[in-house]
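A.B. asks: coordinates only, sequence not included:
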């Protein structure tokens, strides 16, 4: 089992920045691909980005590419999502997820999920 806890959400004005954190406990964090997803009210959950365990490669959704950076600190069992130039359409609950095998964009490929942290961007 892997337990994930997100933090760092909050209210921010459009154009601002936030850094979300996701702390993992349980199994060996360094062996998991770590993804970020978000879900806005009335919408389906959406892939934001992922960082792989093997090479540390990152992949992003087009909607956040160029405005977001995912990084991980295996010594702290933590993955980060740094977002800047935030837009009102970035408002959502952001969740991190862990996956052992795929490192992909599909939420069904992820085995463990955090509870999420709310990000609200005002215009």
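C.D. replies: Sure thing, it's come through. Only a predicted model underlies this, so the values are computations on that prediction, with no experimental measurement involved. Numbers count the residues shown, from 1 in each chain.

A.B. asks: neighbours around the spatially closest residue to residue 97 that is not a sequence neighbour, how many?
C.D. replies: Nearest residue to residue 97 in three dimensions, chain neighbours excluded: residue 110, at 3.7 Å (C-beta to C-beta, 6 or more residues apart in numbering). Heads up, the C-betas are built off the backbone N, CA and C, glycines and all. Residue 110 is flanked by 23 other residues according to other C-beta atoms under 10 Å.

A.B. asks: for residue 85, same thing?
C.D. replies: Should you count by other C-beta under 10 Å, residue 85 turns out to have 13 residues around it.

A.B. asks: sorry, back to before: wait, the residue nearest to residue 97 sits on residue 100?
C.D. replies: No. Here residue 110 lies out of contact with residue 100, judged by C-beta atoms under 8 Å, at a distance of 9.4 Å.

A.B. asks: partner residues bridging the residue positioned nearest the centre of the chain?
C.D. replies: Nearest to the mean C-alpha position of the chain, by C-alpha atoms, centre = their mean, lies residue 36 at 2.4 Å. The bridge-partner assignment for residue 36, based on DSSP bridges, gives residue 49, residue 96.

A.B. asks: pLDDT value on it, please?
C.D. replies: Reading off the per-residue confidence, residue 36 sits at a pLDDT of 98.
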